[in-house]
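Colleague: Predicted model, plus sequence, below.
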Amino acid sequence: MGIASSMETTKVVFLEINQQINKISFSKHSCSRDIHELIANIADVSKYSIITLTDKHDVHVPVTPAMPVNTERSPYVVTVKMPCRRESKQNEKKAVQAAINQVTEQLNRTFKVDEFKKELSDRLHQVERRLEVEGLRIVEIEKCKQDITSIKDQIWASHKNYPDNCMSDDKKITLKRDVPSYPKYTLSQETIDYLKKPTFDSWHWEPNEMLSLLEHMYHELGLVHEFNTNPVTLKRWLLCVQENYRNNPFHNFRHCFCVTQMMYGMIHLCKLWEFVTREDLGILMTAAVCHDLDHPGYNNTYQINARTDLAIRYNDISPLENHHCAVATQILSNAECNIFSNVDKDRFKRIRSGITMLILATDMARHAEIMDSFKNNFNKGFEFRDKEHLDTLKMVLIKCCDISNEVRPMEVSEPWVDCLLEEYFNQSDREKSEGLPVAPFMDREKVTKPSAQIGFIKFVLIPMFETAAKLFNQIEEVMVKPLQEAKDRYEDMKTRGEKASTSS
Ligand SMILES: [Zn+2]
């Protein structure tokens, strides 16, 4: 079986080489090149020779394992042709050229790798250098930041010694100028009547004129007579008060004037002299005049968070209001400026305590507590003769006056909102720079005029004036109504603003 199959896979072919018959045998599975080499070997020529086979009909027979078998009598004639030298030389040349090209390419590649390496190294060096420079810059920036912080600290510290943290308790308050340094104004009857109205435009008056108007109020209410005040002392006291208000955007002498004028207006609106003593009127008016003395322009929250001297001195309890009281007392402690110098000790004590109580009541942190006390007393049946009842009424009155701008006509009230926001933004900017908490209602990024006012009018002002109106009905028409109009106006403004921002 093995032999038979071996026989079947072997092919025998006869060839005539140089006129001699040769028999070759090869496997059917061998390749053409093997057969070609076998014939070349028998013909004794180079294996690169060109070998052609032709049969008896002179037909070419391909040198492949598939070539047909033949007989000894009809062999294939083998013709050998040597390869052309020039061709082979050219082939050689081509081969050499190809090899050279290959080597060149490899060299190039190698060369480019080196070039690439060099470029990479250069870039790395540049990056390292830049990092080094940047690093130095960062160090310098950090140093500058530290310097700025230190300068700021020094400025704040130097401010704290006076402007921010106000005068020390032992600092004597003396008048920088003496009366009469402002002229005596003759007020027209029109101004005198207008001064009693909540619609009074406080923006039209110069500081000296405001002093005269305040002076007039004290005379007109009979307070000068009541306390036997020397008219010149009244002038000096008012001057000294004016000098001790700072030039803040909001908490300035004009705000003091507005609050006092509103108190004067409410006294007239409610005919308060029919219910309370002249002494109480004096306490109400004087508390209004002094209620924001030496305000630094940064509120209690700032004082407490920044741990200012004021907050430390008053243990975080209404630091500003306590300070306003202290300055008011200091001014009165100067005999030349003491409008109550002619009253007896007990009365002075009572007056001072009344003023202090009212100024302390202007801390909005106590708003709910004070309103609740007043409502309680009202529900029990308000008694003017009951000191506790009267105290809560007086506190509500000064609170109403302190935040009464929105009761005034729009052209008077609106600029005050800008002033207040300016002061708030000053504070929030400082809080940001000092890393302190910032109240959203003070943040210039978050507040708009209508957004600042709507909630305040709706939830603070209207309920408070409505409560006061329960006792004095005339407050409803003269004060609550304008507040509602102001709220509507700001709501309109808000809607218009929203429409404008959605359409843009
Ligand atoms: Zn105030």
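Modeller: Good, I have the coordinates.
Colleague: Residue numbers of this structure in contact with the ion?
Modeller: Within the chain, the positions near the ion by Cβ under 5 Å from the ion are Asp292, Asp402. Every C-beta, even on glycine, is put in place using the N, C-alpha and C of the backbone.
Colleague: ok, now with 8 Å
Modeller: By the rule Cβ under 8 Å from the ion, the part of the chain lying against the ion is His251, His255, Cys256, Val259, His291, Asp292, His295, Thr362, Asp402, Ile403.
Colleague: Columns distance to Phe472 on top of these, output as CSV?
Modeller: CSV is the format used below for those (distance: Cβ to Cβ, whole Å):
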residue, distance to Phe472
His251, 28
His255, 24
Cys256, 24
Val259, 18
His291, 21
Asp292, 25
His295, 29
Thr362, 20
Asp402, 18
Ile403, 18
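Colleague: just checking, which of these belong to helices?
Modeller: His255, Cys256, Val259, Asp402 (DSSP state H).
Colleague: Show me the two of those residues that sit farthest apart.
Modeller: Farthest pair in these (Cβ to Cβ) is Cys256 and Asp402. Separation: 10.2 Å.
Colleague: Now do the shared contacts for those two.
Modeller: Common contacts of Cys256 and Asp402 (Cβ atoms under 8 Å, 6 or more residues apart in numbering): Ala288, His291.
Colleague: And the pLDDT at the residue of the stretch 101-250 of the chain at minimum distance from the ion?
Modeller: Closest to the ion within the stretch 101-250 of the chain is Phe250: 8.3 Å, counting by Cβ to the ion. Looking at Phe250, its pLDDT stands at 97.
Colleague: coming back round to it: now the buried members of the ones in helices among the residues of the chain next to the ion.
Modeller: Neighbour counting over these (16 or more other Cβ atoms under 10 Å) leaves His255, Cys256, Val259, Asp402 as the buried ones.
Colleague: burial count for the nearest residue to the first one once chain neighbours are set aside?
Modeller: Just to be clear, that refers to His255. Sequence neighbours aside, Asp292 is the residue nearest to His255 in space, at 6.3 Å (criterion: Cβ to Cβ, 6 or more residues apart in numbering). Counted by other Cβ atoms under 10 Å, the residues lying close to Asp292 total 26.
Colleague: and if you look at the one 5 residues further on?
Modeller: Counted by other Cβ under 10 Å, the residues lying close to Gly297 total 20.
Colleague: again with Gly381
Modeller: Count around Gly381 with other Cβ under 10 Å applied: 8.
Colleague: And for the one 4 residues further on?
Modeller: Arg385 is flanked by 7 other residues according to other Cβ under 10 Å.
Colleague: Pretty sure it sits in a helix.
Modeller: No - going by DSSP: H, G, I helix; E, B strand; the rest coil, the assignment for Arg385 is coil, not a helix.
Colleague: hey, where'd the helices end up in the stretch 1-150 of the chain?
Modeller: Under the criterion DSSP state H, counting those that start in this stretch, the stretch 1-150 of the chain contains helices at 2-9, 32-43, 85-161.
Colleague: SS state for the residue nearest the centre of the chain?
Modeller: Centroid-nearest residue in the chain: Glu445, 6.1 Å away (criterion: Cα atoms, centre = their mean). For Glu445, the assignment made with three-state DSSP gives coil.
Colleague: mind checking the backbone torsions on it?
Modeller: phi -80, psi -20 (degrees, to the nearest 10).
Colleague: Do a quick rundown of the helices in the stretch 351-500 of the chain.
Modeller: Here the stretch 351-500 of the chain has its helices, by DSSP H, counting those that start in this stretch, at 367-381, 387-402, 410-433, 449-456, 462-471, 474-475, 481-503.
Colleague: Relative to His36, which of these is closest?
Modeller: Across these, the minimum distance to His36, taken as Cβ to Cβ, is reached by helix 481-503, at 91.1 Å.
Colleague: List of residues touching the closest one?
Modeller: Helix 481-503 is contacted by residues 198, 406-410, 413, 448-451, 453-454, 457-458, 461-462, 465 when judged by Cβ under 8 Å, 6+ apart.
Colleague: buried subset of these?
Modeller: 198, 406-408, 413, 449-451, 453-454, 457, 461-462, 465.
Colleague: Can I get the residues you listed in JSON lines including pLDDT?
Modeller: Formatted as JSON lines, the buried ones among the contacts of helix 481-503 follow (pLDDT from 0 to 100):
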{"residue": "Pro198", "pLDDT": "95"}
{"residue": "Glu406", "pLDDT": "97"}
{"residue": "Val407", "pLDDT": "98"}
{"residue": "Arg408", "pLDDT": "97"}
{"residue": "Ser413", "pLDDT": "96"}
{"residue": "Lys449", "pLDDT": "87"}
{"residue": "Pro450", "pLDDT": "91"}
{"residue": "Ser451", "pLDDT": "88"}
{"residue": "Gln453", "pLDDT": "94"}
{"residue": "Ile454", "pLDDT": "96"}
{"residue": "Ile457", "pLDDT": "97"}
{"residue": "Leu461", "pLDDT": "98"}
{"residue": "Ile462", "pLDDT": "98"}
{"residue": "Phe465", "pLDDT": "98"}
